[in-house]
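1. What follows is a predicted protein model with its sequence.
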Amino acid sequence: MKLPQQLKKNVVSELEFIAKKMKEEPDPSKKVFYYSAVKGALERVQRYHYDKELVVAVPLTEISYALINDRVNHLKIGDTMVPITEEMLNTLVEGVSELKQAIENDQVTYPAIEKLMEVAYFATGPGFYTRSFLDSVATLQQSQEESR
């Protein structure tokens, strides 16, 4: 994504702040709260500069936030069927950092957005099931290979 210098400076600074706060925050709810600011940061840039990647990134970061936040809210009321793991939250922070780096370096942002959406998918029932199933298949395959 290539942005005018001032817009790039603004969004990079804000994404850096968001990633820092997310990394420092131990509470998953607050970590996800800071994550919600990613959409706003990108949306502000979109108001002043048209870019096809922003057209994709803004709604996808909003969707990913909504899915992850919904899961965190379910956990708060005792629905632990689909967990939010520390690894997932760390991946979310990595995704924000990678998004910042891509924008800063005039690179394609889609890999970072994919990472954010993957965390959101794994925070859903179907995503949790898929991850569990694939982990089970991998464990079974590994056991079979070791027994040969």
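-> Okay, I see it. None of these values were measured; they are calculated from a predicted model.
2. biggest helix in the protein by residues?
-> Counting residues, the longest helix found in the chain (DSSP state H) is helix 52-76.
3. Quick check: mean pLDDT of it?
-> When pLDDT is averaged along helix 52-76, the result is 96.
4. Against which helices or strands is that helix packed?
-> On a contact count with 3 or more Cβ pairs under 8 Å, 6 or more residues apart in numbering; DSSP states H and E, helix 52-76 meets helix 28-35, helix 37-48, helix 110-122. C-beta coordinates here come from the backbone N, C-alpha and C atoms, glycine included.
5. Save those as a markdown table, and put in distance to Gly95 too.
-> A markdown table is the format used below for the helices and strands packed on helix 52-76 (distance: least, Cβ to Cβ, whole Å):
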| stretch | distance to Gly95 |
| --- | --- |
| helix 28-35 | 9 |
| helix 37-48 | 9 |
| helix 110-122 | 4 |
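6. Tell me which of the ones you listed sits nearest to Val12.
-> The closest of the helices and strands packed on helix 52-76 to Val12 is helix 37-48. By Cβ to Cβ, the value is 9.4 Å.
7. quick check: angle from the closest one to helix 52-76?
-> Put simply, helix 37-48 runs at 150 degrees to helix 52-76, going by axes from the mean of the first three to the mean of the last three Cα atoms, to 10 degrees.
8. Dump the helices and strands packed on helix 52-76 to JSON lines, plus distance to Ile63 and mean pLDDT.
-> Converted to JSON lines, the helices and strands packed on helix 52-76 look like this (distance: least, Cβ to Cβ, whole Å; pLDDT from 0 to 100):
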{"stretch": "helix 28-35", "distance to Ile63": "12", "mean pLDDT": "96"}
{"stretch": "helix 37-48", "distance to Ile63": "9", "mean pLDDT": "97"}
{"stretch": "helix 110-122", "distance to Ile63": "7", "mean pLDDT": "97"}
